[in-house]
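[1] Got a sequence here, can you build the structure:
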Amino acid sequence: MKTLHLNADELDLNFDQCLKLANQAADHLLVKQGGAMLLSFWDNDRGLESPHGVSECHFQCPIPGWQDYASNRGGALMVNFGLGRFVFCYRPIDV
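    The predicted structure follows:
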């Protein structure tokens, strides 16, 4: 999975603002494959992942559950804000 690293710390963006920006970036980068569909995310500020509970089976694993979930479902792009503060995983719509 390719990763787009964005450092927007100076902008003091919250989760929803980063999600909106990540959605736009993913749609732009995956436009040739019909756009992007969000598969999973990690919100380090709140300790939330989606889908909920996917990391329960990944205790002491090097890959977090939300990332493994996306990788096994066609994930092609990870948008990473602030070195893991907010991470969003996408797959192309037309696979």
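
[2] Name the nearest residue to residue 54, ignoring sequence neighbours.
    Using C-beta to C-beta, 6 or more residues apart in numbering and skipping the chain neighbours, the partner closest in space to residue 54 is residue 65 (3.5 Å). All C-beta spots, glycine's among them, are computed from the backbone N, C-alpha and C.

[3] count of neighbours near the one you found?
    Residue 65: 20 surrounding residues under other C-beta atoms under 10 Å.

[4] got it, and residue 15?
    Under the neighbour criterion other C-beta under 10 Å, residue 15 is assigned a count of 17.

[5] Now do the contacts for it.
    Listed by C-beta atoms under 8 Å, 6 or more residues apart in numbering, the contact set of residue 15 reads 43, 45-46, 86.

[6] In strands only, show me these.
    When strands are assigned by DSSP state E, the members of the contacts of residue 15 inside them are 43, 86.

[7] now stretch 11-23, how far from the chain's geometric center?
    Once both centres are worked out by C-alpha atoms, centre = their mean, to the nearest Å, stretch 11-23 turns out to sit 12 Å from its chain's centre.

[8] For that stretch, what does the pLDDT average out to?
    Per-residue confidence for stretch 11-23 averages out to 95 on the pLDDT scale.

[9] can you point me to the longest helix in this protein?
    The helix of greatest length in the chain, counted in residues with DSSP state H as the criterion, is given as helix 15-29.

[10] quick one, phi psi at residue 84?
    Summarising the backbone geometry of residue 84 under the convention degrees, to the nearest 10, its torsions are phi 100, psi 10.

[11] What count of nearby residues applies to it?
    Close neighbours of residue 84, defined as other C-beta under 10 Å, add up to 11.

[12] quick one: the helices in this protein?
    Under the criterion DSSP H, the chain carries helices at the ranges 15-29, 65-71.
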